[in-house]
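Peer 1: When you get a sec, could you give me coordinates for this:
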Amino acid sequence: MPNLDLLKRKIAEKPKRSPTTASSKELEKVGGESVDMDRVDQIVKKMKKKYRDEGVEFGETSGKLSELRGIIAEGKGAQLNLGTVEDLQEVKSPLVKKLGRLYLKMRKVLEPISKIASNLPQFKRLSFQLYSANMHYSARQFIALAVTGATIVFFVMLMLSSVFMIIIDMPLALKVVAIPIISFIAALFSLVVILMIPQQEAKSRGDAISIELPFALRHMATELRAGIGLYRTIQAIATAGYGALSEEFARTITEIEEGTDTKEALKHLALRTQCKALRTALMHVIRALKTGGNLSGIMSDIAEDVAFELRLKTRDFAAKMNFFGIIFIFAAIVVPVVIAVMGGIRNSPLDSGGISFKAMLPLTPEIIAVIYLVMMPMLLGLFIFYIKMAQPKV
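Peer 2: Below is the predicted model of the structure:
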């Protein structure tokens with residue numbers, strides 16, 4: 001992927017033609033041909049606009065593409081020189097526009113917070129995670145959005161906690177201290193959660209690729225066996241409707257068309273994807289391209305391996321569900337019944353033969369209501385959430 005700024009400088013450094021023979025537009029002599037510098041500037045601006053639309057932007061000296069190559073090809077988390085916060089006003093999402101506008105209005109207050117947030121552990125790989133998740137934001141822009149969202153959460157929690165503290169009976173000094181602490185904790189939690197969105201999105205994208213991968217690999221094996229070249233095969237996958245996998249192959253096609261070697265473009269795809277099976281398959285393809293192996297046979301073998309791994313995941317998940325079914329029955333049926341029986345005994349007016357059940361079992365009607373209405377729904381919700389997260393994406 002050529003660095004356009006460097007190309008422009010090389011053209012500008014060539015010996016200039018005589019002023020008497022030059023036209024009104026600045027012309028340069030490159031390889032025996034006259035080059036219109038205004039035309040070069042237009043091409044450079046056009047290419048930069050294209051990359052800005054895709055969420056990337058050139059730096060003034062080193063250039064964005066060289067840094068991006070370091071992130072993809074070398075797996076580094078170097079910070080990219082991407083679009084500014086002002087560029088958020090040009091995105092299509094109305095919510096992002098509003099958050100960007102709010103950040104700009106409160107910039108003097110929020111910018112120092114953004115610098116502090118940049119020191120969080122989640123920021124170190126944020127640029128790579130955004131690129132891997134195909135989210136067209138720079139790390140700087142996403143930090144601004146996260147800080148703005150956390151600020152909104154802070155003020156909302158400030159109002160809600162103030163109303164809640166007015167209702168409950170607590171000392172005034174304790175209320176004054178508790179309200180900002182609760183709001184700050186909620187804002188910090190929301191900031192961390194927002195910064196984790198690219199990582200989760202990249203992982204979800206990898207899971208979506210895993211679902212389509214066996215079928216796509218068999219498709220590629222069939223194309224290659226029919227004598228179609230690798231580049232045309234990648235094009236076929238990019239337009240075949242395999243969801244996130246087709247999108248990633250389309251990005252690879254774009255890299256190849258812009259001058260990147262096919263092996264390097266496939267290596268970029270392998271390093272940015274969160275799907276281990278696709279990464280393994282692409283590394284085998286790259287190795288076969290270097291050594292001259294049978295690509296169609298390799299694709300078929302990898303497709304079988306991936307399908308076998310997906311079946312193993314499904315079998316392991318079914319085995320886990322047998323165990324969690326027993327835990328669910330115990331937590332959802334046995335425990336509520338035991339609590340109801342013990343609460344009935346504790347609150348019974350019958351003579352207990354000298355045994356003080358009220359002292360032994362502090363199950364007052366209020367505590368039982370909290371257990372049934374708050375604790376039990378939360379426990380069951382956690383069970384459902386865990387099952388949903390543990391479910392294999394097949």
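Peer 1: C-alpha only now, for contacts and for neighbours.
Peer 2: Noted.
Peer 1: Just the pLDDT for residue 27.
Peer 2: If you check residue 27, the pLDDT there is 43.
Peer 1: Pull the contacting residues for residue 212.
Peer 2: 242-243, 245 (C-alpha atoms under 8 Å, 6 or more residues apart in numbering).
Peer 1: Turn the residues you listed into TSV, including secondary structure and distance to residue 201.
Peer 2: Formatted as TSV, the contacts of residue 212 follow (DSSP: H, G, I helix; E, B strand; the rest coil; distance: C-alpha to C-alpha, whole Å):
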residue	secondary structure	distance to residue 201
242	coil	17
243	coil	14
245	helix	14
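Peer 1: which of these tops the neighbour count?
Peer 2: The residue in these with the most neighbours, by other C-alpha atoms under 10 Å, is residue 245 (25 neighbours).
Peer 1: Distance check, that residue against residue 181.
Peer 2: Separation of residue 245 from residue 181 (C-alpha to C-alpha, to the nearest Å): 45 Å.
Peer 1: And for residue 391?
Peer 2: 37 Å.
Peer 1: can you check residue 229 too?
Peer 2: Residue 229 is 62 Å from residue 181, by C-alpha to C-alpha.
Peer 1: neighbour count winner among the two?
Peer 2: For residue 229 versus residue 181, the count of surrounding residues by other C-alpha under 10 Å is larger for residue 181: 15 against 11.
Peer 1: Now for residue 265: which residues touch it?
Peer 2: By C-alpha under 8 Å, 6+ apart, the contact list for residue 265 reads 252, 255-256.
Peer 1: tell me which element it falls in.
Peer 2: In the assignment (DSSP states H and E), residue 265 maps to helix 262-272.
Peer 1: still on that earlier bit, specify which member of the contacts of residue 212 is nearest to residue 373.
Peer 2: residue 243 (41.4 Å; C-alpha to C-alpha).
Peer 1: the longest helix in the protein is where?
Peer 2: Counting residues, the longest helix in the chain under DSSP state H turns out to be helix 295-329.
Peer 1: how about the helices in the stretch 151-300 of the chain?
Peer 2: Under the criterion DSSP state H, counting those that start in this stretch, helices of the stretch 151-300 of the chain are mapped to 172-195, 197-225, 230-238, 244-257, 262-272, 276-291, 295-329.
Peer 1: List the buried residues in the third one.
Peer 2: To tie it back to what came earlier, the one meant is helix 230-238. 230, 233-234, 236-238 (16 or more other C-alpha atoms under 10 Å).
Peer 1: how does the protein divide into domains?
Peer 2: Domain assignment for the chain by automatic domain parsing gives 4-74, 85-201, 215-293, 314-390.
Peer 1: I'd like the ones you listed as TSV, with distance to residue 308 appended.
Peer 2: Converted to TSV, the domains of the chain look like this (distance: least, C-alpha to C-alpha, whole Å):
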stretch	distance to residue 308
domain 4-74	29
domain 85-201	25
domain 215-293	11
domain 314-390	10
